[in-house]
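Novice: Attaching a predicted model along with its sequence, questions to come.
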Amino acid sequence: MLFSESLRSMTANISTTAAATLTVLIGMFLVGVLLAFGTWARSWSDQKKDELVVKVYFCTELECGKDATKKQENAVYATLQNNALVKPGGVRFISKGAAYKKMKKEHPEIMGELSTNPLPDSLAVTALHGEDTAKIAASLKPPPPGVEDVKYGQKTTSRVLQLAHVIETVFIFAVVILLAAAMILIANTIRLSIFSRRREIEVMKLVGASNWFVRGPFMLEGLLCGLIGSVFAVVLLLVAREAVAGPILDNLDAADGAHAIAFSLNALILCGLGLFIGALGSGLTVRRFLKV
């Protein structure tokens, strides 16, 4: 009964129903695209945050007049290991010999001319959260005994973190705007349905119809608009993924190790959002304009 009443109401106001469903379709399609891109970008930014490291360079005879002692190096290592901002196991010791071999492999034209190893022992420190990289570097200022310099790529770190925050802000803002637009149009569709059936509603109340019997079809109409729009958006996303986005995302995943949200989960989220905005839009409208 409720379903048939909802269908009758939707077909009676076919233009507004189609507009609301189309808006949900477009909105959910764009939300799906944003979810795929936003989760990939978030994964990429998290990966870049994990690559942010603090480099601690120990003293050498060339720079400080004498080499750092093992006791001094161990003291700095232990201090960083016990730092709550440092990722567990995130302190890696790099000997001057290992640094020399790596540099010689990467830049043989430079290192081949050197008769001695000028590189210092060092520590590579990874933060538990990328945002704490600067704090870890600041905790070693002034440098403790045996430490010649502390570097963490301030400009690179700042740019990576700023980009991550911009991605999150734009993603959230765009999703909220799209959902609000879809919900408002569904609410207007329900409002027009109520207005067009106001005489019928009065008759139903006079013959003893319950409040939920009157409100039910309008609530279900909003849910159907949201669900139908979402389902078509998922179909459109599937076509777009297979035709265009799939190869691009696969190549990006393989190249950078970042990954987007699984399509099945994306589809479930879109259907859930469609039902939610349909229920919310129709519920608010029924409560405000349908006095029964």
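Specialist: Done, it's in.

Novice: rest of the way, CA atoms for contacts and neighbours
Specialist: Noted.

Novice: Wait, Ser122 touches Val54, no?
Specialist: No - counting by Cα atoms under 8 Å, no contact exists between Ser122 and Val54, whose distance comes to 10.1 Å.

Novice: could you say which helix or strand contains the closest residue in space to Val234 that isn't next to it in sequence?
Specialist: Nearest-residue entry for Val234: Ala267, 5.8 Å, with adjacent residues in sequence omitted and distances by Cα to Cα, 6 or more residues apart in numbering. Counting by DSSP states H and E, the secondary-structure element that holds Ala267 is helix 263-289.

Novice: same thing with His259?
Specialist: In this assignment (DSSP H and E), His259 forms part of neither any helix nor any strand.

Novice: List the contacts of the top strand by length along the chain.
Specialist: Scanning the chain for the longest strand, with DSSP state E as the assignment, gives strand 86-94. Outside strand 86-94, the residues that touch it by Cα atoms under 8 Å, 6 or more residues apart in numbering are 77, 80-81, 121-129, 136.

Novice: In strands, which of the residues you listed appear?
Specialist: Cross-referencing the contacts of strand 86-94 with the strands (criterion: DSSP E) gives Ser122, Leu123, Ala124, Val125, Thr126, Ala127 as the overlap.

Novice: what's the neighbour count on the nearest residue to the last one once chain neighbours are set aside?
Specialist: The shortest distance from Ala127 to any residue other than its chain neighbours is 4.4 Å, reached at Val86 (Cα to Cα, 6+ apart). Applying other Cα atoms under 10 Å, we find 21 other residues in the vicinity of Val86.

Novice: Next: the one 3 residues further on.
Specialist: Using other Cα under 10 Å, the number of residues around Gly89 comes to 10.

Novice: Could you do Val125 as well?
Specialist: Applying the criterion other Cα under 10 Å, we find 25 residues in the vicinity of Val125.

Novice: and it, what does it touch?
Specialist: Applying Cα under 8 Å, 6+ apart, one finds that Val125 lies in contact with Val53, Val54, Lys55, Val56, Leu80, Val86, Gly90, Val91, Arg92.

Novice: partners of it in the sheet?
Specialist: The bridge-partner assignment for Val125, based on DSSP bridges, gives Val54, Val91.

Novice: quick one, what contacts Thr69?
Specialist: Taking Cα under 8 Å, 6+ apart as the definition, contacts of Thr69 comprise Gly146.
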